[in-house]
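Colleague: sequence and predicted structure below; questions after.
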Amino acid sequence: MTGDRTTDLDGRLRAALRDERWALPAPPDVLDEIETGARRLRRRRTSRTAAGAVAVAAAIIVAVALTGMPGGGDGARPPRPMTSVTLPLPVPGGHADQLIATSDSLYVRGGGRVYRLDRAAGRFVAVSPPSTASPKDQLLVADGRLWVAPRITTPGRPHNLDRLDPYSLKRGNRTRLDAGDRTTGTTEATGPTWTTGTTGTTGTADGSLWTAGSASAASAPRRRVFTLRDPASGLPRRVVHTPWGCLGIGGVVDVDAEADRAVVWCVIRPSESRMALLSMTADSAIQQLPWPATLDVVPAWNRHLWRVEHAGWGLRFVHLVVGDKVAEAPGGDLGALPAPPDVQAHGLGSRLWIYSPEQHRLSCFDRRTGARLATYPAPYGSGKLALAGDEKGVYFAHDGKLTMLDGPDACLS
């Protein structure tokens, strides 16, 4: 049928060219050339039609094959990253205590040293001197500066904030901490923020550096004292107090430098926790929020917080937005997540990562909306997973190896 239509078209074309209305004499050899060209065109059309049919058939076969695979054709099937690379960890014993990422570097703390991986090159390029960071220390990044700080201090013993060069990892200036002070906040690059009864690191969204201590009082629990420090020198800048006495868990979770406000929280007794929006100028509470027991508050990103609390057999994530006041907001997929009690939450840039050791699964959520973006396989085991990264890539350490996941996909850009 197609051949008949093409032949008829050629005939009409020849007739039109011979028509007197064109007033153009057409020599026979020219018409022959046109006819030859038309035949060539027909052959090309025929071959393209056949190739197209083969391509369509192949696409149908692939689609059927994918649909028949386990999870194939299922909208819930998690996207896989474009790249997954595993490197051996240079840490003695292969155990990383902490990972922390910046835009160009990944820092690994373990074995008393700090190691720097160049993210663009994908290889380790620097290592600190021995005994730079003990297992009781933590790495912090504040306004682009890298610090080693104690997670908790012991009265009567000297403790310091040590600044490291972010590229060579050589020690720079040192700042003495008061007894009882511990570091409690830096940027999102702090990595794990899960506390569950320990003195873990929390973070803020503006690259600030905080230490926490206790006000003098005869009775416990005592009010917490949060000291804002210069990110370059580590020296104190400003002090704010909680309106209530606190146990050990809590921290500064959001800072609005322009409005001179901060959001702090802490556990005041095993069955009760509180959050306060503070005026840093007046050192007074603008708003106080009483809650039942809270396990952790994932630090703010772009004024969005996530509070983690007990929910029956598992955990529940509550979405909070900081404005003139702190208000609860819809939580999307994350708000409805029936999380097992052993999960760990990590706030990394605009992403919130949930690691479930039991299910050996690492899930990525939008930190603003709570929407689930992707789920990846993760190592099976117990204990805290050392994890760091941002929207471009995520890193986790396990079994003496460092795994790097890079996009683009639904989670990683």
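Modeller: Structure's in. What do you need?

Colleague: just the buried residues of the longest strand belonging to the chain, please?
Modeller: When the chain is parsed with DSSP state E, its longest strand is strand 236-246. Judged by neighbour count (16 or more other CB atoms under 10 Å), strand 236-246 contains these buried residues: 240-242, 244-246. Every residue, glycine included, has its C-beta placed from N, CA and C.

Colleague: which residues touch residue 306?
Modeller: 297-298, 317-320, 334, 345, 347, 352, 367 (CB atoms under 8 Å, 6 or more residues apart in numbering).

Colleague: please tell me I have it right and residue 143 contacts residue 207.
Modeller: Yes. At 4.2 Å, residue 143 counts as touching residue 207 under the criterion of CB atoms under 8 Å.

Colleague: neighbour count winner among these two?
Modeller: residue 207 (18 against 13; other CB atoms under 10 Å).

Colleague: for the more buried one, give me the pLDDT.
Modeller: Per-residue pLDDT puts residue 207 at 73.

Colleague: ok but it is inside a strand, no?
Modeller: No. Under the criterion used here (DSSP: H, G, I helix; E, B strand; the rest coil), residue 207 is coil, not part of a strand.

Colleague: what about it, distance to residue 277?
Modeller: 20 Å (CB to CB, to the nearest Å).

Colleague: what does residue 305 give?
Modeller: Residue 305 is 11 Å from residue 277, by CB to CB.

Colleague: ok, those two, which is more surrounded?
Modeller: Between residue 305 and residue 277, counted using other CB under 10 Å, residue 305 has the larger neighbour count: 25 against 21.

Colleague: for the protein, what helix or strand is lowest in average pLDDT?
Modeller: Scoring the helices and strands of the chain by mean pLDDT, DSSP states H and E places strand 202-203 at the bottom, with a mean of 36.

Colleague: pretty sure residue 293 is touching residue 274, no?
Modeller: No. Applying CB under 8 Å, one finds residue 293 not in contact with residue 274, separated by 11.2 Å.

Colleague: more neighbours, the two?
Modeller: residue 274 (21 against 12).

Colleague: what residues are up against the more buried one?
Modeller: 242-244, 265-266, 268, 288-291.

Colleague: from those residues, which is closest to residue 359?
Modeller: residue 291 (27.4 Å; CB to CB).

Colleague: which residue, other than its chain neighbours, is closest to the closest one?
Modeller: residue 273 (5.0 Å; CB to CB, 6 or more residues apart in numbering).

Colleague: quick check: which element contains that neighbour?
Modeller: strand 272-279 (DSSP states H and E).

Colleague: tell me the strands beside that strand, with direction?
Modeller: strand 261-269 (antiparallel), strand 284-292 (antiparallel) (DSSP bridges).

Colleague: just those strands: most buried one?
Modeller: strand 261-269 (a mean of 23; mean count of other CB atoms under 10 Å).

Colleague: next, the angle from it to strand 236-246.
Modeller: Orientation check (axes from the mean of the first three to the mean of the last three CA atoms, to 10 degrees): strand 261-269 against strand 236-246 gives 30 degrees.

Colleague: all helices of the stretch 301-413 of the chain, in order?
Modeller: Along the stretch 301-413 of the chain, the segments classed as helices by DSSP state H, counting those that start in this stretch run 332-335.

Colleague: what about it, any weak spots by pLDDT?
Modeller: Within the stretch 301-413 of the chain, the stretches with pLDDT under 70 are 382.

Colleague: try the stretch 1-150 of the chain
Modeller: Those would be 1-82, if you go by pLDDT under 70 across the stretch 1-150 of the chain.

Colleague: rerun that using 90 as the cut-off
Modeller: Residue ranges of the stretch 1-150 of the chain with pLDDT under 90: 1-85, 92-95, 131, 133-138, 140-144, 149-150.

Colleague: and for residue 177, the neighbour number?
Modeller: Counted with other CB under 10 Å, residue 177 comes out at 20.

Colleague: gap between the closest residue in space to it that isn't next to it in sequence and residue 211?
Modeller: Closest residue in space to residue 177, ignoring its immediate chain neighbours: residue 159 at 4.6 Å, by CB to CB, 6+ apart. Residue 159 sits 10 Å away from residue 211, going by CB to CB.

Colleague: between the two, which has more neighbouring residues?
Modeller: residue 211 (27 against 21).

Colleague: run through the bridge partners of the more buried one.
Modeller: Applying DSSP bridges, one finds that residue 211 bridges with residue 183, residue 227.

Colleague: not counting residues beside it along the chain, what's closest to residue 379?
Modeller: residue 398 (4.0 Å).

Colleague: so who does that neighbour touch?
Modeller: 378-379, 381, 385.

Colleague: let me have those in CSV, extended by distance to residue 392.
Modeller: What follows is these, written out as CSV (distance: CB to CB, whole Å):
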residue, distance to residue 392
378, 19
379, 22
381, 26
385, 19
